[in-house]
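> The following comprises the amino acid sequence and a computationally predicted model.
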Amino acid sequence: MSITAIDSSTTTTTSSSSTSSAYNLSTSDFLKLLLAELENQDPTDPVDVSEMTSLFSSLTLVSEAETTNEYLSTLVDSMSSLSSNQAVSYLGKTITYTDSNSSKTTAVVSSVEYEDSVAYLVTEGGDKVKLSSVTGVS
């Protein structure tokens, strides 16, 4: 998209590309841009209704994307909390898991450790076991 200055004394043309920074527009930013476009439109050639409808549709999509991102963030936090609760419930129990050699191993869980927000069960033998590797509990 090219943007050319309206003032005749300035002839600079700015070009922008679709990068990740384009996704950082908030609804407020979008409304400011839309308002600026409406205020600065050529009175002899106003924005047509179909273009305006397209702009409002874009606004709706931006708003829905922001809401979706908020819900996804909440979901990730909930899943992390659930994983932590599940890991703590294994303390003192005997688990069966697939070890790094792809063999089934049985051990008692002695503690829980976290690395990069991922819970690991630590066995009495010192093995760190991801919850996804656990195949049984007794």
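Received, thanks. Please read these numbers as outputs of a predicted model, since none were measured by experiment. Numbering: from 1, shown residues only.
> residue ranges with poor pLDDT in the protein?
1-25 (pLDDT under 70).
> can we see that at 90?
1-67, 70, 73-89, 98-103, 113-120, 130-133, 138 (pLDDT under 90).
> Show me where it has its strands.
2-4, 13-15, 94-98, 104-115, 118-123, 128-130, 134-137 (DSSP state E).
> Compute the inter-axis angle for the top helix by length along the chain and strand 118-123.
Longest helix of the chain, by residue count under DSSP state H: helix 49-89. Angle, helix 49-89 to strand 118-123, by axes from the mean of the first three to the mean of the last three CA atoms, to 10 degrees: 10 degrees.
> so helix 49-89 versus strand 104-115, what angle?
In terms of direction (the same axes, to 10 degrees), helix 49-89 departs from strand 104-115 by 120 degrees.
> now for helix 49-89, which elements pack on it?
Packing contacts for helix 49-89, counted by 3 or more CB pairs under 8 Å, 6 or more residues apart in numbering; DSSP states H and E, involve helix 27-39, strand 104-115, strand 118-123. Bear in mind the C-beta positions are built from the backbone N, C-alpha and C, glycine included.
> quick one: which of the strands of the chain is nearest Asp48?
Minimum separation from Asp48 across the strands of the chain (CB to CB) falls at strand 2-4, 19.6 Å.
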